[in-house]
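[1] need a structure here:
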Amino acid sequence: MKFAESAQVELKERINTDLKKEIVAFANTDGGEIIIGVTRDGEVVGVDNAEAEMARISNMIRNGIKPDLTSYTAVDASQEQGQTIIRVNISRGARRPYHLSDKGLKPSGVFVRHGVVSAPASDEAIRQMIRDSDGTAFDRARSPNQELSFTYASKFFADRAIRFDDSSKRSLGLIDSDLYYTNAALLLSDQCEHSVKCAVYQGTGKTDFQARREFAGSILQQMDDAYQFIGLSNKQRSHFEGLRRVDRHDYPEYALREVLLNCIVHRDYDYSGSILINIFADRMEFVSLGGLVRGLTLSDIMGGVSQSRNTVIAAVFYRLELTESYGTGIQRIMESYKGHHRAPKFSPAPASFVVTLPNVNDSPHFDDIISEADKVLQLASQRGEITRRDVETLLKCSSFPATNVINELMRQGKLARIGVARATRYVRKQ
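    Presented below is the predicted three-dimensional model:
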């Protein structure tokens, strides 16, 4: 019998360190056989002490390759041309990618069979093998990067008095049954490869750009940093309703928080792009990658139906008391706009989901209300000084509301009183 190498057959004269690489390559591709005791040109030379060599091969498979490949391999000895040879049969594994234990899930540790060569797998090939073997749930799949640190996440958990040791990570789904970090762990780690990008524009279009920031690191850090940044654009406006001073932010804080959390928890992390937050004078847009979870419609989610794409991440955020598990988020966003002239808009697409939050203070109606104080300040600037009667005339009101506006502006440090009694006047403070 003449031996020859092929896509499914590897010949080795003796055992060497490349043997593990060849086994990994067959397990990651379509399986194959390694015959030891045969030269590359097909000459049978046999092996000495086959029993010891077979034990050595078994130890290499058991200790040098991960995940456990023993159930997909068979090591046997046979006689060929009066010589003892060893046959190592490898089946295509079900938990690919298999890799060298000391190299990890990197091209230097993961190999595939290409013709008669065992070649390093590309990063994309490694990711595809993980998707194929672990299913479509991104956050439950093994992370290609196993060298993770959790500086921000550890502090975040500690601040909430929640354990974050290895045992807790396993119970949370951050470490799987083979003791690999999952993609959920990667997202929470300092090495997270995704980001949130924020842009601020002057006016209502994208022609006049003002500022841009990108937030990286753990998704917990991205959440905190992005929320702080968009909060800078959530200005507070004031007006008077009778005797009562009313303060109102441009955006309901609950809506900002809930939409940002939904973007981070429910986006499709199979896409490498960033979450986008665009801030305009009249609205704030949140663009999350990935459309609705398969089977759900906009009507479903508006009605309170909830199905998380990233169940591990959703459970972690629930454990941290950042989210609720009742599917009421969108309904409560809508409720936070109750009584306002504009409502949030939800726009699903095949590969994205856009939420537009309108600026509740951006309307002619509200501008008319808040302009009372602004008009008084503008008049004070124009004339240098004003009286209460000037304010009454300006606002077309009686003395009591006029005094109210003046007193509030003085309390804010925007007006100052000079003179007494009938000589009382008011000047604008710089």
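
[2] residue 163: neighbour count?
    11 (other C-beta atoms under 10 Å). From N, CA and C alone the C-beta is placed, and that goes for glycine too.

[3] now it: how far from residue 319?
    10 Å (C-beta to C-beta, to the nearest Å).

[4] put the alpha carbons of stretch 382-389 into CSV.
    Coordinates of each C-alpha in stretch 382-389 appear next as CSV, following Å, rounded to 0.1, in the frame of the first residue of the first chain:
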residue,chain,number,x,y,z
GLN,A,382,-31.8,98.1,26.2
ARG,A,383,-32.8,100.8,28.7
GLY,A,384,-30.2,100.3,31.3
GLU,A,385,-32.8,100.3,34.0
ILE,A,386,-36.5,99.5,34.3
THR,A,387,-39.4,99.9,36.8
ARG,A,388,-42.2,97.6,37.8
ARG,A,389,-44.6,99.6,35.7
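
[5] any buried residues in it, and which?
    Buried residues in stretch 382-389, counted by 16 or more other C-beta atoms under 10 Å: 386, 387.

[6] residues contacting it, please?
    By C-beta atoms under 8 Å, 6 or more residues apart in numbering, the list of residues contacting stretch 382-389 from outside reads 376, 379-380, 390, 399, 402-403, 406, 418, 424-427.

[7] would you mind checking those residues for buried ones?
    With burial judged by 16+ other C-beta under 10 Å, the buried subset of those is 376, 379, 380, 390, 402, 406, 425, 426.

[8] what's the closest non-adjacent residue to residue 2?
    Spatial nearest neighbour of residue 2, chain neighbours left out: residue 42 (5.3 Å); criterion: C-beta to C-beta, 6 or more residues apart in numbering.

[9] now the helices for the stretch 301-430 of the chain?
    Along the stretch 301-430 of the chain, counting by DSSP state H, counting those that start in this stretch, helices occupy 311-319, 329-336, 364-383, 388-395, 399-411.

[10] please state the backbone phi and psi of residue 351?
    The phi and psi torsions at residue 351 (degrees, to the nearest 10) take the values phi -120, psi 10.

[11] residue ranges with poor pLDDT in the stretch 51-200 of the chain?
    Applying pLDDT under 70 to the stretch 51-200 of the chain flags residues 134-136.

[12] please repeat the previous calculation with a cut-off of 80.
    When residues are selected by pLDDT under 80, those of the stretch 51-200 of the chain lie in 131-137.

[13] do you have the strands of the stretch 201-350 of the chain handy? List them.
    For the stretch 201-350 of the chain, the strands identified by DSSP state E, counting those that start in this stretch occupy 209-215, 236-241, 244-249, 275-279, 283-289, 345-349, in order along the chain.

[14] compare those strands and give me the one nearest residue 5.
    The closest of these to residue 5 is strand 283-289. By C-beta to C-beta, the value is 44.6 Å.

[15] the closest one pairs with which strands?
    In the sheet containing strand 283-289, its partner strands are strand 275-279 (antiparallel), strand 352-358 (antiparallel), by DSSP bridges.

[16] gap between it and the chain center?
    14 Å (C-alpha atoms, centre = their mean, to the nearest Å).

[17] please apply the same query to stretch 419-426.
    The offset between the C-alpha centroid of stretch 419-426 and the centroid of the whole chain comes to 60 Å, using C-alpha atoms, centre = their mean.

[18] pull the number of nearby residues for residue 319.
    Number of residues near residue 319 (other C-beta under 10 Å) recorded here: 15.

[19] which of the contacts of stretch 382-389 sits closest to residue 250?
    The closest of those, once distances to residue 250 are taken by C-beta to C-beta, is residue 376, at 22.3 Å.

[20] mind giving me the domain ranges of the protein?
    Domain ranges of the chain: 9-134, 196-307+321-358, 364-428, per automatic domain parsing.

[21] those domains into TSV, with extra columns for distance to residue 159?
    TSV is the format used below for those (distance: least, C-beta to C-beta, whole Å):
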stretch	distance to residue 159
domain 9-134	31
domain 196-307+321-358	11
domain 364-428	35
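
[22] quick one: which of these is nearest residue 182?
    Judged by C-beta to C-beta, the one of those that comes nearest to residue 182 is domain 9-134, at 8.8 Å.

[23] next SSE downstream of the strand or helix carrying residue 130?
    According to DSSP states H and E, residue 130 maps onto helix 123-134. Scanning the chain past helix 123-134 towards its C-terminal end, the next helix or strand to appear is helix 151-159 (assignment: DSSP H and E).

[24] just checking, what packs against that following helix?
    The elements that helix 151-159 packs onto, with contact taken as 3 or more C-beta pairs under 8 Å, 6 or more residues apart in numbering; DSSP states H and E, are helix 219-231.

[25] so the helix it packs on versus helix 151-159, what angle?
    Inter-element angle recorded for helix 219-231 and helix 151-159: 90 degrees (by axes from the mean of the first three to the mean of the last three C-alpha atoms, to 10 degrees).
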